[in-house]
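Colleague: Quick check, what structure comes out for this input:
(2 chains)
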2 protein chains.
Amino acid sequence: MRADLALVGFGHVGRRFATLLEERRDWLALDYELDCRVIGIATAHHGSVFSAHGIDAVAAAARQAEEPLDAEATSAGDSFDVIRSLARSDSPLKILVETTTLDIAAGQPAIDHVRAALESGCHVVTANKGPAAFAYEELSALAADRGVSFLFEGTVMDGVPIFNLVRDTLPAVDILGFRGVINSTTNHILTALEEGDSFDIALARMQADGIAEADPSLDVDGWDAAAKTAALANVLMRARMTPQGVEREGIGQATARLAMAAKGRGARIRLVASAKRTAGAVATSVRPIELPAGDLLAGLRGVANALILQTDLLGDIAMTQLAGGLTQTAYALLSDLVTVGRRHRPGRSAAAPGRTR
Amino acid sequence: MRADLALVGFGHVGRRFATLLEERRDWLALDYELDCRVIGIATAHHGSVFSAHGIDAVAAAARQAEEPLDAEATSAGDSFDVIRSLARSDSPLKILVETTTLDIAAGQPAIDHVRAALESGCHVVTANKGPAAFAYEELSALAADRGVSFLFEGTVMDGVPIFNLVRDTLPAVDILGFRGVINSTTNHILTALEEGDSFDIALARMQADGIAEADPSLDVDGWDAAAKTAALANVLMRARMTPQGVEREGIGQATARLAMAAKGRGARIRLVASAKRTAGAVATSVRPIELPAGDLLAGLRGVANALILQTDLLGDIAMTQLAGGLTQTAYALLSDLVTVGRRHRPGRSAAAPGRTR
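Modeller: The predicted model follows:
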């Protein structure tokens, strides 16, 4: 079955997705009968291209930022034009792959991209936290209404399945709350602080290693973790909240002393994201917390992440990601793509029974 | 859709499954359109019953062992007679729920139960490790041939999804190996040894608490972990092996001293199950290993279990079960039941694309 893809956002994640798609082409064809073709790419700063006959996305991913994305493809207007062009494809599967960067104020333009795609009958897979963190109820209802899928496994813990785990493998289990370390940069910094580094030196090293962004405030102020917390709470606990609703405290200079002191007591400081169902609501927070050595989260070093789900039937279960990075995030998009292919094969009713959350 | 079930094996797990099925009846109907009915029960020592009109399995679960299972149902011969009766049901879903106890010599009679059910067009969900540990290739091929499902999520880490996780949420990921703590009794004993208990006292307390069996040799000699290791290796790595092929060393009196000494060094002894792909084969072992404090497995206390999967695309990822028990195992059977329902709805092709392993 042919699947036509438009890549909106073409930074590190989008480019790695393009190459991974090529690396796993045979496998997608053989195991899932999927023949994927990129027909459009939209970037914020280097223009957009579209060709109904397909674009060489691997070549585009290899190009320098200054070169045009694809000289042979029609220049395609802005990101919304590319989505409109995707919607006109006659492929049985039309999929928007959204990888723009997170806007923590309102989740835009990712939400508008997702909405435009779903409204016009395209499936969406995204690694951007904005849509699920700010507008999950609206977008999931829209997807259900149009009989398409809206998937976002890459938004939390990269390729480690969290949303798919709960949806596909934990039927009838109620998620009562969660607690996790879900931001790699801050955990890496905290590990360095425990080794005696100062905050500034630890942060500078993360930036030199490409782990922290040039502007690290999204990470160290806890916003990235808050966006993930909101997405998790919205999807797993139907919280209807935004990142701004998460009680939030980041890490900074003062954390170094706390981290050393905790380590001296055999404990660890971790930036813990948590959610708990209270009377009629879901209380969420992101803050540095001192944890005893025996706590699963205290044991996480470097970029490791973990999420402990508190469930009614299974007690506490945890997923841990010991390594993370670009390939993992790109893989999450690929696994979502496979889910779309599985769900929407011809001859299958699109709406499988089971909770849609 | 109606689903007719036969419960073969009706000990603690089978009885808890029967009550859990009733507790979640509304949810199965509402979310999965499944109307489940128990029509047969076979036990090793208390007879068998069958009624095409349904059996009150909750009442049967509440009865004392000496009472007949159900006075109103026809006495139904042996377990194979019950499976034959199930196969004659006109329900669109006929499911054998196999919960007999593990025979570590050859996996019987569970393998014969599973084979008989699959051959006659019934689906199988089982918590018995024997079929996947001794005969996975044969039984999964038979299931594929007959267009039915053979599921066994409850065999490793109770209700925490491992097999379903890899099959449903990690498409295109190759499992290169694994390493885990997958036997609760021995981990509970090791935790007690670290607190200064002797082996005999620790074991006696586990038995008094109902965690260890009266005959604990399956656990302490590493056979239970070896059976799980074989099942994991067969399913996730296509190893074609039996528990006897696992290099195996258990724990005993001498382990107490080792556990205390390790703890003195800040390390921990854990009974580690592992598998690794070598040239053309899969090398597996179960043995006590000293782990540094930072190792995820070292942090497991009491009955906690964890499995670290070594993958090609995602690096190492781990699932941790912080609480385990009867409800969790019964839940695993229920989640497999839902998977059967999802896969084999009328109007769906039974054979979904994707790896069958």
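
Colleague: Tell me which residues touch the nearest residue to residue A:52 once chain neighbours are set aside, please.
Modeller: Leaving aside its sequence neighbours, residue A:52 sits nearest to residue A:39 (C-beta to C-beta, 6 or more residues apart in numbering or on different chains; 6.1 Å). (Each C-beta comes from the backbone N, C-alpha and C, glycine too.) By C-beta atoms under 8 Å, 6 or more residues apart in numbering or on different chains, residue A:39 lies in contact with A:4-6, A:50-55, A:85-86, A:89.

Colleague: What strand or helix carries residue A:39?
Modeller: strand A:35-42 (DSSP states H and E).

Colleague: Just read off the phi/psi values of the spatially most central residue of chain A.
Modeller: The residue lying closest to the centre of chain A (C-alpha atoms, centre = their mean) is residue A:155, at 1.3 Å. With angles defined as degrees, to the nearest 10, residue A:155 sits at phi -80, psi -30.

Colleague: Over to the one 3 residues further on?
Modeller: The main-chain torsion angles of residue A:158 are listed as degrees, to the nearest 10 and equal phi 50, psi -120.

Colleague: I'd like to know how far it sits from chain B.
Modeller: Going from residue A:158 to chain B by C-beta to the nearest C-beta, to the nearest Å gives 8 Å.

Colleague: check contacts around the closest residue to that residue other than its chain neighbours.
Modeller: With C-beta to C-beta, 6+ apart as the criterion, residue A:158 has its nearest non-adjacent residue at 3.5 Å, and that residue is residue A:328. Contact analysis of residue A:328 by C-beta under 8 Å, 6+ apart lists A:158-160, A:321, B:313-315.

Colleague: now swap in residue A:188 and tell me
Modeller: Counted by C-beta under 8 Å, 6+ apart, residue A:188 has contacts A:202, A:206, A:211-212, A:302-303.

Colleague: which residues in chain A form helices?
Modeller: A:12-23, A:25-32, A:57-62, A:79-87, A:110-119, A:130-146, A:163-164, A:184-194, A:199-208, A:217-220, A:223-237, A:255-264, A:326-343 (DSSP state H).

Colleague: Go through the ones you listed and pick out the most buried.
Modeller: Scoring the helices of chain A by mean neighbour count under mean count of other C-beta atoms under 10 Å in any protein chain shown gives helix A:223-237 as the most buried, with a mean of 27.

Colleague: anything in that one sitting right up against chain B?
Modeller: No - judged by C-beta under 8 Å from any C-beta of the partner chain, helix A:223-237 and chain B are separated, with a smallest distance of 14.6 Å.

Colleague: Let's see that helix as PDB, backbone CA atoms only.
Modeller: Provided in PDB are the C-alpha atoms of helix A:223-237 (Å, rounded to 0.1, in the frame of the first residue of the first chain):
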ATOM      1  CA  TRP A 223       9.400  23.700  30.600                       C
ATOM      2  CA  ASP A 224      10.400  20.700  28.500                       C
ATOM      3  CA  ALA A 225       9.400  18.400  31.300                       C
ATOM      4  CA  ALA A 226       6.300  20.400  32.000                       C
ATOM      5  CA  ALA A 227       5.200  20.000  28.300                       C
ATOM      6  CA  LYS A 228       5.800  16.300  28.500                       C
ATOM      7  CA  THR A 229       3.900  16.100  31.800                       C
ATOM      8  CA  ALA A 230       0.900  17.900  30.300                       C
ATOM      9  CA  ALA A 231       1.000  15.600  27.300                       C
ATOM     10  CA  LEU A 232       1.100  12.500  29.500                       C
ATOM     11  CA  ALA A 233      -1.600  13.800  31.900                       C
ATOM     12  CA  ASN A 234      -3.900  14.700  28.900                       C
ATOM     13  CA  VAL A 235      -3.500  11.400  27.100                       C
ATOM     14  CA  LEU A 236      -3.200   8.900  30.000                       C
ATOM     15  CA  MET A 237      -5.400  10.600  32.500                       C
END
